[in-house]
Structure formats: structure tokens, C-alpha cells
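1. can't give you the sequence, but here's the structure:
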């Protein structure tokens, strides 16, 4: 089909598709260079080649040679370093703006559009599901470390905030408690994994410990930043950080493991905030009945 019989609306869609495909080709190729596992490297290159072939197909109609969106390639590279390449690939696929209706409309003028859509929806997702990223095998350990840290530290810091009313003392107590709890949780996870015959018990313990200490640092940070006597401001900031961490981590898990987001987020946030509120009340009662004034 010649370009002069293609409507301007269809041509606009084709240009967007061509740009998207060549950008995704660059992203997948970039990811393949960072992956150590050979099987995953081959999968990523295969997906990249498909994206390139799709871009070349659209290029036959637009008569243009487009280059990847460098900013988007860079941003996804950063995300892959932080969250892993499986997360990046799935969020790319889930976030595609072009719907089935758009492809169906486009196929009226370009028959190949239907074939491309099916390939995008079926074949690429099948390849993505074959990916076996190391860190996703330890999501359970990551959840254990983060959940426990958020609930325990949120409650501890909230209770200490009113009991001590001194940000530096709260930070000191929080760090001591957090570091001790990190070592305890990592050791417990290691022993638990070993008892279940897990050959990678050390990795499970490592992921648990990393997530725990990560949460400790973030939650204690407001008490180190704000003035000593601004304990309420530090407490509110800490609770905001808790919600943001839960939001971010729940989103990561929901995308990487194809799990529901809203229910998990509300459940985890409710537990953490409820424990914080209860601990804050306990802090008030302890200070009052013990007559401690620091």
C-alpha cells in the first residue's frame, strides 16, 4: 500500500509506533548487555530484534529513519539497576499506550498491523515469562525483611518519639534497635532457609538483611535531619516515608510478580500506621505513669 492512500490519522499512529519500537529495541539491547545469565541475554536480544523489525516495517510506510528516545533509554536503564530488568520489561509491556482498538483501526489500511499486535501481545509476553532474574527468587525474603522492619521500627520510633521527645535520642535508640534487629532477622532467615534445605540460604538472609537495614536508615533519617526538639515533625515525616516505601515496594512486587496492588498496599499501610498509633499512645502512658522526664 502506498503512503498517499494512508490517512493522516493512520500515519500519525504509525510514526508513534515506529518511534516506540525503535526506542524499545535500544532499551532491550541495553538490558541484554547488563544481564549475566546467557539464557536471559538471548531472550532480551530476541525481543530487541522483534522490536527493530516492527520499527522497520512502519518505516516502509513513513519513509523515515527514526532514532531511539535517549532520555527514555537512560531512565529505563536506571530503573533496571534499581529494580531489575524483569520489572522494567513488564512495566514497559503493561504501560503500552497503543490499544487493540487502535491496531484494529490501523489494520483497515495496513493489514500487517493485526499481525504485529498479536506478536506484541502473545510472543513477547511468553518470552518475558521465561526470564529468570535472580532477585525475584528472593522476593519472599525481601518482603519479610521490609514488612518486619516497617512494622517494628514504625512502632518503636513512634513510641520513643513521645517518651523521649528528643530526636537525637530517638535516632540513637532507633539505630541500635534497627541494627540489632537486622542481624537477628538475617540470622533467623538463614537458619529457617537451612532447615528447609535451601542451598541458597545465605542469599535469602542477605536479601532479608538488606531490606531491613534499608528501612531502618530511611525511617531514622528524619530524626537526624530535624532539630532535636521537633519530634512531632520528625514523627510525621517518618510516617510519610513509611507510606511511600510501602507504596513503592508494593508497586514493584505487583508488577514484577503480577500481583494485585491496591489490596496489598492498603493492608500493609494499615498495619504499619496502626502499630505506630498504638505505640505512640503506649509512649504517652509509659511517660506519664512512670513519671520519666527526659
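-> Now that the structure is in, tell me what you want to look at. Because the structure is a prediction, the values reported are computed rather than measured. Numbering: from 1, shown residues only.

2. going by C-alpha atoms from here, please, whenever you check contacts or count neighbours.
-> Will do.

3. and whichever strand or helix holds residue 82, what's its mean pLDDT?
-> Assessed by DSSP states H and E, residue 82 sits inside helix 70-83. Helix 70-83 carries an average pLDDT of 86.

4. list the buried residues of it.
-> Using 16 or more other C-alpha atoms under 10 Å as the test for burial, helix 70-83 gives 73, 76, 77, 80, 83.

5. quick check, distance from stretch 58-77 to the centre of its chain.
-> 25 Å (C-alpha atoms, centre = their mean, to the nearest Å).

6. now the terminal residues of it, how far apart.
-> End-to-end distance of stretch 58-77: 25 Å, with C-alpha to C-alpha, to the nearest Å as the criterion.

7. also stretch 196-206?
-> Terminal-residue distance, stretch 196-206 (C-alpha to C-alpha): 17 Å.

8. again, but for stretch 250-264
-> 7 Å.

9. buried set for that stretch?
-> Neighbour counts over stretch 250-264 (16+ other C-alpha under 10 Å) mark 250, 251, 252, 253, 254, 255, 256, 264 as buried.

10. do the same with stretch 180-189
-> Residues of stretch 180-189 classed as buried by neighbour count (16+ other C-alpha under 10 Å): 181, 182, 183, 185, 186, 187, 189.

11. next structured bit after the least confident helix or strand in the chain by mean pLDDT?
-> The weakest-scoring helix or strand in the chain, judged by mean pLDDT, DSSP states H and E, is helix 124-128 (a mean of 63). Next in sequence after helix 124-128, counting helices and strands by DSSP H and E, comes helix 139-164.

12. by how many degrees do the helix or strand that that next one is followed by and helix 139-164 diverge?
-> Downstream of helix 139-164, the next assigned helix or strand under DSSP H and E is helix 167-195. Taking axes from the mean of the first three to the mean of the last three C-alpha atoms, to 10 degrees, one finds helix 167-195 and helix 139-164 inclined to each other by 150 degrees.

13. for residue 68, phi and psi?
-> Backbone torsions for residue 68, taken as degrees, to the nearest 10, come to phi -60, psi 150.

14. leaving out chain neighbours, which residue sits closest to it?
-> Spatial nearest neighbour of residue 68, excluding adjacent residues (C-alpha to C-alpha, 6 or more residues apart in numbering): residue 23 at 4.1 Å.

15. close enough to count as contact, the one you found and residue 71?
-> No - counting by C-alpha atoms under 8 Å, residue 71 is not a contact partner of residue 23; they are 9.8 Å apart.

16. rewinding a little: let me know the closest of the buried residues of stretch 250-264 to residue 166.
-> Nearest to residue 166 among those: residue 250, at 32.0 Å, using C-alpha to C-alpha.

17. can you tell me the closest non-neighbouring residue to residue 30?
-> Nearest residue to residue 30, sequence neighbours excluded (C-alpha to C-alpha, 6+ apart): residue 77, at 7.4 Å.

18. now do that neighbour against residue 89, distance only.
-> Taking C-alpha to C-alpha, one finds residue 77 at 11 Å from residue 89.

19. what does residue 155 give?
-> 36 Å.

20. and residue 207, by the same measure?
-> Taken as C-alpha to C-alpha, the span from residue 207 to residue 89 is 22 Å.

21. same check, this time on residue 9
-> In terms of C-alpha to C-alpha, residue 9 sits 29 Å off from residue 89.

22. no more questions from me, cheers.
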